[in-house]
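Chemist: Curious how this folds, go ahead:
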Amino acid sequence: MKLFAAVAAAAAILAVPAMAQTTPAVVAATSPDGSIALSVSTDNDGRPTWSLSRKGRLLIAPSKLGFLLADAMPFQRGFAIAGSETAAADSRWEQPWGERRFVRDRHNAVTVHFRQSADWGGHLMDVTFRLFDDGIGFRYEIPQQASLSTMNIADELTEFDLVPRGTAWWIPAGEWNRYEQVYQKTPIDAVSTAHTPITMRLDDGTHLSFHEAALVDYSGYWLKRASGGLFRTTLSPAAEGPRVSRKLPFNTPWRTIRISDNAAGLVESDLELNLNEPNKLGDVSWFKPIKYVGIWWGMISGKWSWAEGPEHGATTARARETIDFAARHGFGGVLIEGWDKGWNGNWFGHGQDFSFTEATPDFDLAAVAGYAKKKNIQLIGHNETGGNIANYEAQLEDAFRLYQSLGMNSVKTGYVADAGGIIAPGDTPGSMRMEWHDGQRSVQHHLKVVETAAKYHIAINAHEPVKDTGLRRTYPNWIDREGARGMEYNAWAKFGNGPSHEPTLVYTRLLSGPMDYTPGVLSLEGSNGNELASTLGKQLGLYLAIYSPIQMVADFPEKLALYPRELDFISRVPADWAESHLVDGTVGEYAIFARKDRNSANWYVGGINDATARTSSVTLSFLEPGRPYTATIYRDGDGADGLGAQDLKHRIAIETRTMRKGDVLTTWMAPAGGYAVELKPGK
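Modeler: Numbers count the residues shown, from 1 in each chain. Next up is the predicted model:
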């Protein structure tokens with residue numbers, strides 16, 4: 001029998017009163033469909049514990065909750081449950097842009113009140129759990145209390161004692177290269193300390209993803225394995241002192257687990273979005289999802305430089321040429337990197353010389369912005385900080401005010417520095433502190449940038465960021481992030497990311513939110529002759545597999561022009577969707593999506609493959625019945641091989657056929673290949 005009453009109509013929110021018992025030994029709750037069951041209690045030492053079952057099988061064994069404090073007795077022992085309240089919700093909300101237009105939020109909730117004995121500190125601690133049919137989120141809610149005014153957290157003691165065994169896909173946390181690492185595939189009990197999201201497939205086929213939601217004014221957590229399947233949160237460090245310091249009352253971010261029978265359920269879950277607060281900005285229609293080109297790949301590949309001099313990439317003349325190319329081929333924006341002063345010398349991890357309002361002598365910002373406006377092209381700003389947030393914060397208002405006056409409505413930010421190399425203002429004028437990219441101070445900084453940008457109707461695409469935790473719902477001008485190895489790694493070494501990297505991103509990094517991966521290198525070439533592990537078909541499939549509302553076409557304009565049919569597809573494929581479904585795929589191997597355009601009746605199908613040639617079969621059950629669709633198919637040609645010679649990489653077959661609802665689309669994918677299909681309805 002379910003704990004909660006059935007939820008009524010969509011958009012109705014029910015508050016269910018607490019049971020009469022005020023000091024229960026155990027608090028229980030279930031998800032709306034009853035498949036997930038929660039139990040909360042304390043052990044013999046008064047340590048708060050929680051456990052989770054799914055479909056009658058124990059998933060998370062009793063696991064501890066609490067905190068270590070830097071200057072007070074820990075929130076660890078001597079607790080008893082003082083009471084609880086329950087609630088339920090079933091609502092639907094609309095995204096201004098996204099993978100899907102409408103999101104359903106259906107969950108049951110319980111808040112458990114813990115009271116600590118006086119000899120252990122006498123603290124109060126609440127924990128709220130929300131149970132969805134596809135997972136769970138919970139957070140600590142620390143109320144006002146006489147015994148404590150500021151909570152200085154040395155570390156968090158949240159545990160996940162995973163009972164079943166299986167396989168994990170993960171990247172190590174606390175390493176120099178932030179999130180930009182190759183994913184490892186290991187047994188779960190071989191994980192060390194991992195960034196989230198971390199994805200697992202249990203031996204019975206169940207898929208899990210551990211992550212967090214609504215990371216605000218707190219350190220991001222790393223998932224540290226203690227022994228066997230026992231994992232514990234550990235917070236990203238601070239320069240000195242506690243890892244988190246907060247005035248009471250406050251709430252922590254949500255600790256989340258997506259749970260599904262299959263990979264599709266994991267990918268299509270909106271759990272973290274639903275755990276974030278609704279839109280605080282109101283109307284953000286001034287931002288429109290677009291595809292863009294830019295002055296970028298030239299620096300990445302070493303042909304041009306960010307620094308001033310004869311090889312400087314960001315010149316007024318080159319900017320005009322790039323704007324002309326964008327307008328000619330139907331792209332909405334142009335990114336220009338290296339336009340501002342500060343790139344000369346050693347800017348990596350320093351950044352004190354960057355100006356965000358002054359251009360280099362060979363770049364006329366006002367003239368370029370005016371030219372872009374005449375051509376109906378959005379000029380995308382670029383603010384590289386070198387990790388120096390002290391210098392950036394001092395210029396934020398002036399920079400964004402300037403960009404707004406020039407008609408610019410989006411900015412790509414960058415924080416290129418080694419992990420632990422964020423330069424923040426110190427306690428005295430002129431001093432500094434070295435912080436982590438995902439520590440509390442960096443988290444505060446990113447939100448300051450987003451909130452300041454919103455005042456000037458500017459959207460933010462953050463590179464070298466703190467991880468995405470669904471805050472785009474609350475701040476929909478936070479349109480994109482990097483936070484993983486992007487396309488540039490393919491320029492710097494042959495097969496730089498490897499053929500399985502993108503099919504792994506879909507099931508790991510992409511679970512946290514959109515990624516500015518920068519596809520569209522149709523030449524399949526990087527620097528010094530380095531070759532991409534890709535076919536032409538895979539470059540097109542990336543626009544369906546890796547979601548972003550601001551999608552780059554990264555290659556040189558003159559290279560893109562050599563592939564007019566492929567370029568034409570990229571110019572048409574949307575960056576904003578009404579629906580998105582993973583219709584075929586396996587973690588780390590391949591991923592095929594079906595997505596419906598938000599602004600037309602067109603559907604698009606396609607995706608990406610690893611190093612093993614395979615055939616994908618997709619039943620077109622999502623099409624409207626009774627209507628024929630003209631399918632234009634861009635697939636790997638006979639003998640194509642994304643790991644072979646350039647002529648094999650570029651083999652592509654383009655064909656047209658009529659298809660209807662229920663037809664099966666069967667497509668062969670080459671090693672490191674992929675495909676894309678545009679389906680236009682007829683009468």
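Chemist: Every contact and neighbour count from this point should use C-alpha atoms.
Modeler: OK.
Chemist: what does the average pLDDT come to for stretch 154-174?
Modeler: Regarding stretch 154-174, the rounded mean pLDDT is 98.
Chemist: end-to-end on it?
Modeler: Criterion C-alpha to C-alpha, to the nearest Å; first-to-last residue distance in stretch 154-174 is 17 Å.
Chemist: tell me which residues of that stretch are tucked away?
Modeler: Neighbour-count burial for stretch 154-174, with 16 or more other C-alpha atoms under 10 Å as criterion, is recorded at 154-174.
Chemist: With stretch 584-600 instead?
Modeler: Neighbour counts over stretch 584-600 (16+ other C-alpha under 10 Å) mark 584-598 as buried.
Chemist: try stretch 389-408
Modeler: 389-393, 396, 399-404, 406-408.
Chemist: likewise stretch 636-654?
Modeler: The neighbour-count check on stretch 636-654 (16+ other C-alpha under 10 Å) flags 636-637, 640-644, 646, 648-652 as buried.
Chemist: avg pLDDT for it?
Modeler: Stretch 636-654 shows a mean pLDDT of 98.
Chemist: In strands, which of the buried residues of stretch 584-600 fall?
Modeler: Counting by DSSP state E, the buried residues of stretch 584-600 place 584, 585, 586, 590, 591, 592, 593, 594, 595, 596, 597 in strands.
Chemist: Which stretches in the stretch 1-150 of the chain count as strands?
Modeler: 12-14, 27-30, 36-42, 48-54, 57-64, 67-69, 79-94, 102-116, 124-132, 135-142, 150-156 (DSSP state E, counting those that start in this stretch).
Chemist: how about these in JSON lines, adding distance to residue 571?
Modeler: Listed next are the strands of the stretch 1-150 of the chain as JSON lines, based on distance: least, C-alpha to C-alpha, whole Å:
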{"stretch": "strand 12-14", "distance to residue 571": "41"}
{"stretch": "strand 27-30", "distance to residue 571": "46"}
{"stretch": "strand 36-42", "distance to residue 571": "44"}
{"stretch": "strand 48-54", "distance to residue 571": "45"}
{"stretch": "strand 57-64", "distance to residue 571": "46"}
{"stretch": "strand 67-69", "distance to residue 571": "51"}
{"stretch": "strand 79-94", "distance to residue 571": "26"}
{"stretch": "strand 102-116", "distance to residue 571": "25"}
{"stretch": "strand 124-132", "distance to residue 571": "38"}
{"stretch": "strand 135-142", "distance to residue 571": "37"}
{"stretch": "strand 150-156", "distance to residue 571": "47"}
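Chemist: Out of the ones you listed, which is closest to residue 627?
Modeler: Proximity to residue 627 (C-alpha to C-alpha) singles out strand 102-116 among the strands of the stretch 1-150 of the chain, at 24.4 Å.
Chemist: Give me the angle between the closest one and strand 48-54.
Modeler: For strand 102-116 against strand 48-54, the angle by axes from the mean of the first three to the mean of the last three C-alpha atoms, to 10 degrees is 150 degrees.
Chemist: Could you check strand 102-116 and say which residues are buried?
Modeler: Residues of strand 102-116 classed as buried: 103-116 (neighbour count, 16+ other C-alpha under 10 Å).
Chemist: And for stretch 34-48?
Modeler: Neighbour-count burial for stretch 34-48 [16+ other C-alpha under 10 Å]: 34-43, 46-48.
Chemist: hang on, the earlier thing: can you flag the weakest of the strands of the stretch 1-150 of the chain by average pLDDT?
Modeler: Among the strands of the stretch 1-150 of the chain, strand 12-14 carries the lowest mean pLDDT, at a mean of 34.
Chemist: returning to what we had before: tell me which of the strands of the stretch 1-150 of the chain lies nearest to residue 320.
Modeler: Residue 320 lies closest to strand 79-94 among the strands of the stretch 1-150 of the chain, at 37.5 Å (C-alpha to C-alpha).
Chemist: hang on, residue 631 packs against residue 661?
Modeler: No. Contact criterion C-alpha atoms under 8 Å: residue 631 and residue 661 do not qualify, at 12.0 Å.
Chemist: quick one: which of those two has more around it?
Modeler: Taking other C-alpha atoms under 10 Å, residue 631 and residue 661 do not tie; residue 631 has more neighbours (22 against 16).
Chemist: Find the residue closest to that one in space, skipping its chain neighbours.
Modeler: In this structure, residue 631 finds its nearest non-sequential neighbour in residue 679, 4.5 Å apart by C-alpha to C-alpha, 6 or more residues apart in numbering.
Chemist: ok so that neighbour is a strand residue?
Modeler: Yes. When DSSP: H, G, I helix; E, B strand; the rest coil is applied, residue 679 is found to be in a strand.
Chemist: what about the closest residue to residue 654 other than its chain neighbours, neighbour count?
Modeler: Nearest residue to residue 654, sequence neighbours excluded (C-alpha to C-alpha, 6+ apart): residue 634, at 4.7 Å. Using other C-alpha under 10 Å, residue 634 is surrounded by 26 other residues.
Chemist: re the thing from before, give me the subset of the buried residues of stretch 636-654 lying in helices.
Modeler: The helices, defined by DSSP state H, take in 646, 648, 649 from those.
Chemist: Poorly predicted segments of the chain, please.
Modeler: Filtered on pLDDT under 70, the chain yields the residue ranges 1-23.
Chemist: residue furthest from the geometric center of it?
Modeler: Residue farthest from the centre of the chain, counting by C-alpha atoms, centre = their mean, is residue 119 at 43.3 Å.
Chemist: ok, that residue to residue 73 distance?
Modeler: In terms of C-alpha to C-alpha, residue 119 sits 9 Å off from residue 73.
Chemist: beta partners of residue 234?
Modeler: residue 222 (DSSP bridges).
Chemist: What is the neighbour count of it?
Modeler: Neighbour count for residue 234, taken as other C-alpha under 10 Å: 21.
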